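Chemist: Here's a sequence, model it:
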Amino acid sequence: MNKIEAAVETHARKVKQFIEKFGAQHFMTVLIGSQNYGLDSKDSDIDTFSFVMPSLNDLITGKPPLSFEFDTDDGKCSVKDYRLAFNLLRKPSPNSVECFVSKYKYYEPEYSKILEYFLGKEAPLRIITHANFHNMLNAIAGTARMLHGRNMTEGKKYSHCLRLQELAQKYLDCDANPFEYLLLSPENTEVARLAKFGDSNKTNEWYEQQCKLIVDALTDKADTFILSNVQYTYETFSLKLIDAFETALFNQYLELNGYRKE
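Modeler: Below you'll find the predicted structure:
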């Protein structure tokens, strides 16, 4: 077990301890952030996303979904409840791709068979991550535009824009492995690392101009796709697959907690 795998498992344990007071149960914890993209340094934080089930009482009474973050010694844990997590799957975005296809993950043993089937096998996950293609492109364009307002260097913004640009291009390839969506090409990885960690040959003005070009290109791509009125073939089947995933997890939760008797 390497450092990242160990940290993800440690985060999972901390989340489980943290959510006990809510009567919630843990499904899985996955890595999010620079390590997924090959853009980390030895000082990079290890941030994770955890997917949890609220108590049955909270579900029945309609209490707001659990959603919070807390800091750890090596990074941050982001926790989302069952309802919010499935909303992410139904409305694909760069964040949902990362949360569900990272190769660094910890599954609770009681739920691992279901999670592995839907998120560990390439075919179901590819279908899910291709759904609502035009929404994905809009989300990418919107994320790229918002980078201009974030508190980060122009070089770091440029590394983000490069990743988003490649993500949009890879979404055109229906045969790609879902995890590959997270990865930059080797040449762009090197460019992005130089931008993020410092490249004296470039100026902030140059990076800012390159970001603008990428944002404009992504926006044009999204607008062109919507105007073409193309219906993506995976969309209907994907929603049925997500419904089956949600139902399977919920039924397993009921059985494990003694709510269903044969």
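Chemist: Number of residues surrounding Ile4?
Modeler: By other C-beta atoms under 10 Å, 19 other residues sit near Ile4. For the C-beta atoms, the positions are set from N, CA and C on the backbone; glycine is no exception.
Chemist: How about the contacts made by it?
Modeler: By C-beta atoms under 8 Å, 6 or more residues apart in numbering, the residues touching Ile4 are 31, 35, 46, 104.
Chemist: Could you do Gln165 as well?
Modeler: Gln165 neighbours (C-beta under 8 Å, 6+ apart): 144, 214, 217-218.
Chemist: 10 Å - rerun?
Modeler: By C-beta atoms under 10 Å, 6 or more residues apart in numbering, the contact set of Gln165 is 140, 144, 184, 188, 213-215, 217-218, 221.
Chemist: Beyond the lowest-mean-pLDDT helix or strand in the chain, next helix or strand please.
Modeler: None of the helices or strands of the chain scores lower by mean pLDDT, DSSP states H and E than helix 122-130, at a mean of 77. Where DSSP states H and E defines the elements, the next helix or strand beyond helix 122-130 is helix 133-146.
Chemist: So how do I select the buried members of the contacts of Gln165 in PyMOL?
Modeler: Buried residues within those, by 16 or more other C-beta atoms under 10 Å, are selected in PyMOL with:
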select buried, resi 140+144+184+214+215+218+221
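Chemist: Just the ones of the contacts of Ile4 in strands?
Modeler: Mapping the contacts of Ile4 onto strands (DSSP state E) picks out Leu31.
Chemist: what are the ranges of the strands in this structure?
Modeler: Under the criterion DSSP E, the chain carries strands at the ranges 25-32, 47-53, 67-71, 76-81, 105-107.
Chemist: in its sheet, what does the shortest one sit against?
Modeler: In other words, strand 105-107. In the sheet, strand 105-107 lines up against strand 25-32 (antiparallel) (DSSP bridges).
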